[in-house]
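Undergrad: no letters, just coordinates:
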């Protein structure tokens, strides 16, 4: 019998299509996972950004993985409550930092435009925003004024 823990373990095999170093469970996209019958699961996901183009790929990846395991997956996308960076696990935050993306601190919902961001490479707060949008809609582009490296910052929302 497949239980919720097994479902989350399966879902953790799916990397985020835009940030392959973390999976969709670590990122907090998976809101709920349950078996609704012996061979059918219901997976609730929330996009990191309302216009996130990766959600279609994530849904396809879920359906494909579960089909390979003999389980039909019903994927439901919910946009309320809105995804928050607080849903990113601590392990995923460290993976993001090593990858070169600065995640916001939990509970830190500051105005991301006016607060210096910590460079994931050298740790300096002597940084500046280059663009409100980074490599994806949910991130902004920054540059460190000390080591001169560009980096992405996960926007608080």
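TA: Great, that's in hand. Every value quoted in this text rests on a predicted model; they were computed, and no experiment measured them. Residues are numbered from 1 along each chain as shown.

Undergrad: where in the chain is pLDDT low?
TA: Counting by pLDDT under 70, the chain contains low-confidence ranges at 1, 106-114, 156-157.

Undergrad: quick check: chain neighbours aside, which residue is closest to the most centrally placed residue in it?
TA: Nearest to the geometric centre of the chain sits residue 27, at 3.3 Å (Cα atoms, centre = their mean). The shortest distance from residue 27 to any non-neighbouring residue, by Cβ to Cβ, 6 or more residues apart in numbering, is to residue 16 (5.4 Å). The C-beta positions use only the backbone N, C-alpha and C, and glycine is treated the same way.

Undergrad: try residue 70
TA: According to Cβ to Cβ, 6+ apart, the nearest residue to residue 70 is residue 39 (6.5 Å).

Undergrad: give me the number of residues near the one you found?
TA: 12 (other Cβ atoms under 10 Å).

Undergrad: kindly report the same for residue 146.
TA: Applying other Cβ under 10 Å, we find 14 residues neighbouring residue 146.

Undergrad: quick one: contacts for it?
TA: Contact analysis of residue 146 by Cβ atoms under 8 Å, 6 or more residues apart in numbering lists 119, 122, 124, 126.

Undergrad: residue 66 against residue 60, yeah?
TA: No. Assessed by Cβ atoms under 8 Å, residue 66 is found out of contact with residue 60, at 11.1 Å.

Undergrad: looking at those two now, which is surrounded by more residues?
TA: residue 66 (22 against 12).

Undergrad: could you measure residue 23 against residue 16, distance?
TA: Residue 23 sits 7 Å away from residue 16, going by Cβ to Cβ, to the nearest Å.

Undergrad: regarding the protein, what is its longest helix?
TA: Counting residues, the longest helix found in the chain (DSSP state H) is helix 55-68.

Undergrad: residues in contact with that helix?
TA: Residues outside helix 55-68 that contact it (Cβ under 8 Å, 6+ apart) are 10-11, 13-14, 16-17, 24, 29, 41, 43, 45, 47, 72-73, 75, 77.

Undergrad: list only those of those flagged as buried.
TA: Among those, those classed as buried by 16 or more other Cβ atoms under 10 Å are 10-11, 14, 16-17, 24, 29, 41, 43, 45, 47, 73, 75, 77.
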